[in-house]
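S.K.: Sequence unavailable; structure follows:
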């Protein structure tokens, strides 16, 4: 299985600021996924990031609010911009495995916005 | 309509008993995959087990097995000999199409608490 790390693991931020979350994978992967999990909820896909192309955003998520970088096959960042308390969530990075039946997740970033 | 339905928001089970977590799905695709994940209070999502729509055998991984009933569109997770460490949220998810380009569709989750 892929080993995925995320930084920071948690943060408390002020309204109006931005936070960049890093996701590092121990192997090269084509696709990386960013999810949001609001308190007590299931996961919602924010965007899919392929190396060398613009991220593909899901309905309700826009690049200005959640800019994503994917500079190489092992790394991606998600920025949560101009934060409000509604952005308080766990943000999870995910990658597909070697086979179609695998999708692995990072440990998550627990964000609290005051 | 909900694509993935987990009807049990919470469950209490005695340690060492077997647990069945329900999951029903709705799709018109012939090719799809079903996943179960465990999320402890730490927040990480731990992959447990996968069942492909064309797999004839029920998937098993250690103490986890998937009771796949295709005609009923049911993919229940069975945990044998439950342990205290099994206490967590459990999510069922589906991928319509077998290619990883297709996103996972998630159920609402079931909170499992194992009692000593």
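M.R.: Yep, it's here. In this text the structure is predicted, and so the values were computed from the model without any measurement.
S.K.: And for residue A:44, nearest residue in space, chain neighbours not counted?
M.R.: residue A:36 (5.1 Å; CB to CB, 6 or more residues apart in numbering or on different chains). Backbone N, C-alpha and C define where each C-beta goes, glycine included.
S.K.: Verify the stated contact: that neighbour with residue A:43.
M.R.: Yes: Residue A:36 is within contact range of residue A:43, at 7.4 Å (criterion: CB atoms under 8 Å).
S.K.: give me the number of residues near residue B:56?
M.R.: For residue B:56, the neighbour count with other CB atoms under 10 Å in any protein chain shown is 7.
S.K.: cool, the one 3 residues further on as well?
M.R.: Taking other CB under 10 Å as the neighbour definition, residue B:59 ends up with a count of 20.
S.K.: SS state for residue A:61?
M.R.: Here residue A:61 is recorded as coil under DSSP: H, G, I helix; E, B strand; the rest coil.
S.K.: Then residue A:86?
M.R.: Residue A:86 - assigned by three-state DSSP - is helix.
S.K.: Quickly list what's touching both of residue A:36 and residue A:43.
M.R.: Common neighbours of residue A:36 and residue A:43, counting by CB atoms under 8 Å, 6 or more residues apart in numbering or on different chains, are residue A:92.
S.K.: more neighbours, these two?
M.R.: residue A:43 (25 against 20).
S.K.: For residue B:108, see how far away that one is.
M.R.: In this view, residue A:43 and residue B:108 are 10 Å apart by CB to CB, to the nearest Å.
S.K.: Next SSE downstream of the helix or strand hosting residue B:35?
M.R.: Secondary-structure element containing residue B:35, defined by DSSP states H and E: strand B:32-39. Next in sequence after strand B:32-39, counting helices and strands by DSSP H and E, comes strand B:46-52.
S.K.: Within the sheet, what are the partner strands of that following strand, with directions?
M.R.: Applying DSSP bridges to the sheet, strand B:46-52 is found paired with strand B:32-39 (antiparallel).
S.K.: Now tell me what touches the partner strand from outside.
M.R.: In contact with strand B:32-39 (CB under 8 Å, 6+ apart) are residues A:100-101, A:103, A:105, B:21, B:23, B:25, B:45-53, B:64, B:66, B:68, B:75, B:77, B:86, B:88-98, B:104, B:109.
S.K.: With stretch A:41-60 instead?
M.R.: A:30-38, A:61, A:63, A:66, A:68-73, A:76, A:78, A:91-92, B:45, B:91, B:103-104, B:106-109.
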